[in-house]
Every structure is written in structure tokens, then in C-alpha cells.
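Enquirer: okay, structure incoming, though there's no sequence with it:
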């Protein structure tokens, strides 16, 4: 009986140990369940944070895409502006070259105009001198024509006198 008592005691001890172990295990289970809930809450919070961060990432990506679009548009405008500046620079250079050529032609033309003006002045001066000389020549011509007319009259009169004298000589010789 002693052995049964010992066995019973051992079983009782085993039972108590098993109950204690069960209580400990239940406590551990409760702790683990609490930890699990805590971890699950943390996981839910983290998932919420992840969703929030994903939303922010999406917003940032949209903002980035908009910024990239604006940057590309700005680069296009800058490229267009650079092309316009280059075109204007070429046009200015061409206008400057044209201006230089025009200035050269203007200088040549001004020089030719000055020469032509001097020639015109000299021609006008020569015309004036010739006009004055023509007036003097006209007066001389008029005088010479009168002299010629007078000389012609004198010649005619002399011829008439010669003929008259020749007739008288001829009549006198007869």
C-alpha cells in the first residue's frame, strides 16, 4: 500500500505539476495571445503606415511626373528660345554685314556724287563762260556781218566804179 500511496502521491504531484504546468502554459498562451494581438495591432498599424506611405509615394510620383513634364516643357521652351536667339544672332550678323556693305556703297556713292557735283559745277562754270563767250562772239559776229555787209557794199561800189571806169576807158579808146 505504501507503494500505492507513493504512486498516488506521485500521481498527485504529477497532477499538481501538470496543473501548474497547464496554468503556466495557459498563462504563457495568454501572454503569447496578448503578444500576438499586440503584434497584430502593430502589424495593422504598420500596414496602415505602409498604405499611407504608398499613398504618399503615389502622390510624390505624380508630383515627380508633373515636375518632369514641366521640366521637359521648360527645356523645350529653353531650346526654342535658344534657337530663336541663334536665329536672331544670325539675322543681326547678316544685318550688320548688309549695313557694312550699304555703308561702303553709300561711301562710294557719296564720293561719286561729290565727283559728279564737282563735274556739274565745272560744267556749269564752263557753260556760263561759254555762254558769256557766245554773247561776245554774237556781238563780234554782228559786227563782222555789218563789216562784211559794208565791205560787200564797198566791193560792189568798187566793182561798179571799176566797170564804169572800164566803160569810160573803152569809150575813150574808141
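Expert: Received it, and whenever you're ready, just let me know what you need. Small disclaimer: the values here were computed from a predicted structure and weren't measured.
Enquirer: now do the same for residue 30: its pLDDT.
Expert: pLDDT, residue 30: 89.
Enquirer: if I look at residue 6, how far off is residue 168?
Expert: Distance of residue 6 to residue 168, computed by Cβ to Cβ, to the nearest Å: 226 Å. All C-beta spots, glycine's among them, are computed from the backbone N, C-alpha and C.
Enquirer: element containing residue 141, please.
Expert: helix 2-173 (DSSP states H and E).
Enquirer: give me the mean pLDDT for stretch 39-55.
Expert: On average, stretch 39-55 scores 93.
Enquirer: check the offset of it from the chain's centre.
Expert: Centroid separation for stretch 39-55 versus its chain: 58 Å, with Cα atoms, centre = their mean, to the nearest Å.
Enquirer: and stretch 83-102, by the same measure?
Expert: Using Cα atoms, centre = their mean, the offset of stretch 83-102 from its chain centre is 9 Å.
Enquirer: one more: stretch 5-16?
Expert: Counting by Cα atoms, centre = their mean, stretch 5-16 comes out at 108 Å from the chain centroid.
Enquirer: cool, stretch 69-81 as well?
Expert: 18 Å.
Enquirer: how about stretch 36-52?
Expert: Centre-to-centre, stretch 36-52 and its host chain are 62 Å apart (Cα atoms, centre = their mean).
Enquirer: got it, and stretch 51-65?
Expert: 42 Å.
Enquirer: which of the residues in that stretch are buried?
Expert: Buried residues in stretch 51-65, counted by 16 or more other Cβ atoms under 10 Å: none are found.
Enquirer: residue ranges with poor pLDDT in this protein?
Expert: Filtered on pLDDT under 70, the chain yields the residue ranges 1.
Enquirer: any idea how far the residue nearest to the spatial centre of the chain is from residue 118?
Expert: For the chain, the residue sitting closest to the mean C-alpha position, by Cα atoms, centre = their mean, is residue 88 at 1.8 Å. Applying Cβ to Cβ, the value for residue 88 to residue 118 is 43 Å.
Enquirer: kindly report the same for residue 10.
Expert: Per Cβ to Cβ, residue 10 is found 151 Å from residue 118.
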